[in-house]
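Colleague: Kindly return the folded structure for what I paste below:
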Amino acid sequence: MFLTRALDYYMKENELNPVELMQEFYAELKEQPDVCTNGGNDKEFFSFKFAGKKIWAVRNEVDSHTLMFPEDY
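Modeller: Numbers count the residues shown, from 1 in each chain. Here you go, the predicted model:
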């Protein structure tokens with residue numbers, strides 16, 4: 001899992017625990033379908049809330065995910 005600079009900065013500035021972010025990410029990933037069949041989320045691209053902020057999780061080229069704010073996309 002990777003973070004964009006903006007999300008990393010936000011986490012540090014607000015003294016948020018990266019382990020909690022990882023736990024929330026993996027809990028959300030587990031709930032997503034393997035393949036999108038209705039135009040919604042899937043394991044390739046989904047959103048979730050953490051510390052009151054919307055976070056996007058996007059599968060990247062190294063078969064991991066990059067976490068970012070929507071405005072970072």
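
Colleague: From here on, just use CA atoms for contacts and neighbour counts.
Modeller: OK.

Colleague: and the longest helix for the protein?
Modeller: Ranked by residue count and defined by DSSP state H, the top helix of the chain is helix 18-31.

Colleague: Now do that one: everything it contacts.
Modeller: Residues outside helix 18-31 that contact it (C-alpha atoms under 8 Å, 6 or more residues apart in numbering) are 11, 43, 48, 50, 57.

Colleague: quick one: secondary structure of the third one?
Modeller: Here residue 48 is recorded as strand under DSSP: H, G, I helix; E, B strand; the rest coil.

Colleague: which of the contacts of helix 18-31 tops the neighbour count?
Modeller: Of all the contacts of helix 18-31, residue 57 has the most neighbours under the rule other C-alpha atoms under 10 Å, reaching 25 neighbours.

Colleague: so what's that residue scoring on pLDDT?
Modeller: Looking at residue 57, its pLDDT stands at 96.

Colleague: Quick check, residue 67 in contact with residue 2.
Modeller: Yes. Shown here, residue 67 and residue 2 form a contact pair, counting by C-alpha atoms under 8 Å, at 6.0 Å.

Colleague: Looking at the two, which one has more neighbours?
Modeller: The neighbour comparison of residue 67 against residue 2 (other C-alpha under 10 Å) goes to residue 67, with 28 against 15.

Colleague: mind listing what the more buried one touches?
Modeller: 1-4, 7, 55-58.

Colleague: ok, now which ones touch the residue most central in space within the chain?
Modeller: For the chain, the residue nearest the mean C-alpha position is residue 57 (3.2 Å; C-alpha atoms, centre = their mean). Contacts were defined as C-alpha under 8 Å, 6+ apart; by that measure residue 57 touches 25, 44-48, 65-68.

Colleague: sorry, back to before: neighbour-wise, which of the contacts of residue 67 leads?
Modeller: Compared across the contacts of residue 67, residue 57 has the highest neighbour count, 25 neighbours, by other C-alpha under 10 Å.

Colleague: Show the backbone phi and psi for that one.
Modeller: Dihedral angles of residue 57 (phi, psi; degrees, to the nearest 10) stand at phi -120, psi 120.
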